[in-house]
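*Asks:* sequence isn't available, so here's the structure alone:
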């Protein structure tokens, strides 16, 4: 029983670490690129649009969708590793 508790502690520790890493990326993309670094990024153009504007309008949305898929993938791998998957 004690081994199971230790295993679940490791599982949740890795789960929280994954979540914090993805939240950090979310914060950097949305707040960092979309607000704080918008002026330096606007010096770069992609498809005729300033990069800072693009991140504030489209890039952050694309990033959020990608983060969802990364989270699902990483959690499925973690679930399999700790044998708590739904299969």
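*Replies:* On my side now, so go ahead. For clarity, every value in this text was computed on a predicted model and none was experimentally measured.

*Asks:* make it CA atoms for all contacts and neighbour counts henceforth
*Replies:* Noted.

*Asks:* report the central residue of the protein.
*Replies:* For the chain, the residue nearest the mean C-alpha position is residue 22 (2.6 Å; CA atoms, centre = their mean).

*Asks:* residues in contact with that residue?
*Replies:* The neighbourhood of residue 22, defined by CA atoms under 8 Å, 6 or more residues apart in numbering, consists of 67, 71.

*Asks:* show the pLDDT at it.
*Replies:* With respect to pLDDT, residue 22 has a value of 97.

*Asks:* so which helix or strand takes in it?
*Replies:* helix 2-27 (DSSP states H and E).

*Asks:* next, the buried residues of that helix.
*Replies:* Buried positions in helix 2-27, judged by neighbour count with 16 or more other CA atoms under 10 Å: 11, 15, 18, 22, 25, 26.

*Asks:* what's stretch 72-85 in contact with?
*Replies:* With CA under 8 Å, 6+ apart as the test, stretch 72-85 has contacts from 7, 11, 14, 15, 18.

*Asks:* ok, back up a step: quick check: the residue nearest to the centre of the chain vs residue 41, distance?
*Replies:* 22 Å (CA to CA, to the nearest Å).
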